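**Student:** Sequence and predicted model, in that order:
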Amino acid sequence: MSDFGYEEMLKINRPFNPSDDELNQLAKFMTDEPKRIPAGYTYLGQFIDHDISLDSATVARIPPWNEISVANISNKRTPFFNLETLYGLGCIKAELLQEKSKSFLRLGETINGDFVEKDFPIPNDLPRMKNSPTAQIVDERNDENLAVAQTQVAFIKFHNAVVNHLGGEDTTARFEEARKIVTLHYQWIILKDFLPKIIKQSVLNQVLSEGNRFYFPERDSAFMPLEFSVAAYRAGHSLVRNSYNWNRLFNDDPKSLSATIFELSLFTGRGKLDGKNNLVRDWLVNWNWFYDLSNHNHKQKFNFAPRIDTKIAPLLGFLPNSNGEFPGIFGRETSLAAMDLYRARALSLPSGQDVAKIILGTKERILKPEQLANLLPENLKYVFSIETPLWFYLLAEAEIEENGQTLGEVGSRIVAETFVALLRLSKPSILEDEFKPKPEFCGYGGKFGMPELLKFVAKGNKIFDELNPIGNA
């Protein structure tokens, strides 16, 4: 039997001969696991946003398609990273403190649920008004979904753990010392742990070393850039999932119940705690599934955020309307994406192309119409590929240039300059004061971020698992 050979089908006869190094780099790229953001950072980002920004139109419940303008809205938060939503401003209010304490922050009790009936020695919820599901906190938005509510609970616990760590008398002076320590470590988390998850590290490093090029706020008149608050930072909306592996009771196991973003809203003050005055213990979070706590037993159910791209969770198209009702149909009043787009138009934001040209300094690096058209449905290709809403443009930039792992060059620049400038203006400030996290708070190699904060809280409790309150069985 004769042998059969091989030859070119197309007879081009022009060999392509890349170098060994180029082939190795391509092979490495093809086998590298893409960077994925743990889902806890989605809600840390929301917690941070509430700390620095609350526009008056939101307070007045003015829908984004009504008459609003830059001239008639104001920021009801100080735009600094001072944990205003945890502590308020100035002297601490008595209702935020534990009863008869001058240094410990108050937490809220939980109650037995359908599945978990056991007493917990430590409260695990936001403090609530007597006989009411309403949280007694500075910013009610931190009780609009259970993930951000439990994030605030974690920071309350961290404050109390720091107070215990300091020792001494239960005094206002000890409270203020703990408050400063917590605030500086919070800023460290923002700069070293959170920002590198969502923006390009090269852009952040450049802003830190060379300074800002576009945003120069003064402390007494610090403004919140619209390009940041209405567009670039809203990239966080693309990091929301439809549902989560929340704890052993609510996860993606076929025998378990679901934990969709609807349920996470229901079991909060916004959702009237499903008709109760306290959070049921069934709904306490398992932090091992939201942050990398190096616990390999929890990897199977670990929650990663989606990529930063032009798609957001479908359930975000069916939010409760202004009456708190779930109509179950798409509409501008119930679609988060629609509300974001309407708000940008109402505030007269320029197109993504106009912003990119200024930040990049050249037309050549702006996303091409054909690149944007590839992300759009047929009926919108020619509507939004030449001029594109800034929010959509920045999501597209992340998707096209960074494979959704971080924001792109333009989005990263807007976020980096905003955060770095406001960090410098904050008092205290890790960028103005020489600061390093306390070694006893840190993990391996002196690292400190949200995982280390949670571990420090858990380390101080020998009788109760702070990371997974309802356990695995």
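**Tutor:** Happy to help now that I have it. Computed from a prediction, not measured in an experiment: that's the story for all the values here. Numbering: from 1, shown residues only.

**Student:** CA atoms for contacts and neighbours, from now on please.
**Tutor:** Noted.

**Student:** Count the neighbours of the residue lying closest to residue 305 once chain neighbours are set aside for me.
**Tutor:** Nearest non-adjacent residue to residue 305, counting by Cα to Cα, 6 or more residues apart in numbering: residue 39, 4.5 Å away. For residue 39, the neighbour count with other Cα atoms under 10 Å is 22.

**Student:** try residue 272
**Tutor:** For residue 272, using other Cα under 10 Å, the count is 17.

**Student:** Use 447 as the first number for this chain going forward.
**Tutor:** With 447 as the first residue, the last one maps to residue 718.

**Student:** Contacts only, for it.
**Tutor:** If a contact means Cα atoms under 8 Å, 6 or more residues apart in numbering, then residue 718 has 579-580, 712 as its contacts.

**Student:** cool, residue 797 as well?
**Tutor:** 833-836.

**Student:** and which of those residues is nearest to residue 652?
**Tutor:** Using Cα to Cα, residue 836 comes nearest to residue 652 of the contacts of residue 797, at 23.1 Å.

**Student:** Pop out the phi and psi values for the residue lying closest to the closest one once chain neighbours are set aside.
**Tutor:** In this structure, residue 836 finds its nearest non-sequential neighbour in residue 798, 3.9 Å apart by Cα to Cα, 6+ apart. The phi/psi pair for residue 798 (degrees, to the nearest 10) reads phi -60, psi -40.

**Student:** So residue 798 is in contact with residue 831, correct?
**Tutor:** No. Between residue 798 and residue 831 there is no contact under Cα atoms under 8 Å: 10.3 Å.

**Student:** okay, these two: which has more neighbours?
**Tutor:** residue 798 (25 against 21).

**Student:** Buried residues, the helix or strand of the chain with the lowest mean pLDDT. List them.
**Tutor:** Across the helices and strands of the chain, mean confidence by mean pLDDT, DSSP states H and E is lowest for helix 502-505: a mean of 83. The neighbour-count check on helix 502-505 (16 or more other Cα atoms under 10 Å) flags residue 503 as buried.

**Student:** Could you look up the next helix or strand downstream of that helix?
**Tutor:** The element immediately downstream of helix 502-505 (helix or strand, assigned by DSSP states H and E) is helix 530-533.

**Student:** which outside residues touch whichever helix or strand comes after that next one?
**Tutor:** Per DSSP H and E, helix 530-533 leads on to strand 556-557 as the next helix or strand towards the C-terminus. Identification of contacts with strand 556-557 by Cα under 8 Å, 6+ apart yields 569-571, 724-727.

**Student:** what helices or strands is the following helix or strand past strand 556-557 leaning on?
**Tutor:** For strand 556-557, the following helix or strand on the C-terminal side (DSSP H and E) is helix 592-612. With contacts taken as 3 or more Cα pairs under 8 Å, 6 or more residues apart in numbering; DSSP states H and E, helix 592-612 sits against helix 486-498, helix 530-533, helix 618-635, helix 707-712, helix 896-905.

**Student:** Show me what the mean pLDDT comes to for helix 592-612.
**Tutor:** Throughout helix 592-612, pLDDT has a mean value of 97.
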